[in-house]
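K.L.:
Structure for this input, please:
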Amino acid sequence: MAELTSAIDSLGGAAADAASLAAAAESRAEGAEAELEAARDSMLRLRAEFENFRKRTEGEKAALAARAKAEAVEALVPLADSFDAAATLLASATSAGSDLDESSPAAKVASAYGGLQKQLLDAFRGVGVTPVAGEGSPFDPNVHEAVMRELDDSVPDGTVLQEFRRGYVMGDRLVRAAMVKVSYTEGESAAGAGAEAAVAGGGGSESE
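P.N.:
Take a look at the predicted model:
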């Protein structure tokens, strides 16, 4: 009985030791799992921060490129104005009866100017720059600057009758507003009233 009692006591002690070791192992496992979860959360947070940084950097890069393009176009707009003015003068000379023979120096100059103007406009289109809608289009205060109004019942109220200076847009960005003359009727619409307000604000004139 003494030996049996001693063996039972030994087994009890071993069981207690095993239970203690199991508890310690479980505690370490829980600690390791918590550390793993924390590391996973940290990795996900770092990944999200990096993705946000990448998107923000790409957005800033795109905005910088668009601004650089717009500034380059703005620097070339006066050259486009010169071509427009030359084309207008040549057209006036032709309409006045000075028909140009294709072999004449004046015709060659006109052809050269036309070719250069086309190249410039093609270059504009290549970087996403397009002219603002001009004569015959509805007045849009977002892209048109009304400097003159004229009574004209033959077209819808608020129609662009003449473009004095071409405007340009690059996507959603306005490079320069078009300077225009706008129609109005006796019972003018909101478009005509908007053009009148633009003329009044810009110090333009009105012709009747």
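K.L.:
For residue 177, which non-adjacent residue is closest in space?
P.N.:
Nearest in space to residue 177, with sequence neighbours left out and distances taken as C-beta to C-beta, 6 or more residues apart in numbering, is residue 145 at 4.3 Å. C-beta here means a position set from N, CA and C on the backbone, and glycine is covered the same way.
K.L.:
same deal with residue 174?
P.N.:
The shortest distance from residue 174 to any non-neighbouring residue, by C-beta to C-beta, 6+ apart, is to residue 143 (6.0 Å).
K.L.:
That neighbour and residue 19: what is the separation?
P.N.:
Per C-beta to C-beta, to the nearest Å, residue 143 is found 82 Å from residue 19.
K.L.:
now swap in residue 162 and tell me
P.N.:
98 Å.
K.L.:
the more surrounded of the two?
P.N.:
Counted by other C-beta atoms under 10 Å, residue 162 and residue 19 do not tie: residue 162 has more neighbours, with 14 against 10.
K.L.:
So which residue is smack in the middle of the protein?
P.N.:
residue 172 (4.6 Å; C-alpha atoms, centre = their mean).
K.L.:
Could you give the backbone dihedrals for that residue?
P.N.:
phi -90, psi 0 (degrees, to the nearest 10).
K.L.:
related to what we said a few turns ago, and the residue nearest to residue 177, what helix or strand is that in?
P.N.:
According to DSSP states H and E, residue 145 maps onto strand 144-151.
K.L.:
Now the element after the top helix by length along the chain, going C-ward?
P.N.:
In the chain, taking DSSP state H as the definition, the longest helix is helix 2-95. Once helix 2-95 ends, the next helix or strand along the chain (criterion: DSSP H and E) is helix 105-126.
K.L.:
tell me the mean pLDDT over the helix or strand following that following helix?
P.N.:
As assigned by DSSP H and E, the chain's next helix or strand after helix 105-126 is strand 129-131. Averaging pLDDT along strand 129-131 gives 90.
K.L.:
Hmm, residue 183 and residue 155 touching each other?
P.N.:
Yes. Using C-beta atoms under 8 Å, residue 155 is in contact with residue 183, at 5.3 Å.
K.L.:
Can you find the helix or strand of this structure with the lowest average pLDDT?
P.N.:
The helix or strand of the chain with the poorest confidence is strand 205-207; it has a mean of 51 (mean pLDDT, DSSP states H and E).
K.L.:
Stretch 170-189: how far from the chain's middle?
P.N.:
Here stretch 170-189 is found 20 Å from its chain centre; the criterion is C-alpha atoms, centre = their mean, to the nearest Å.
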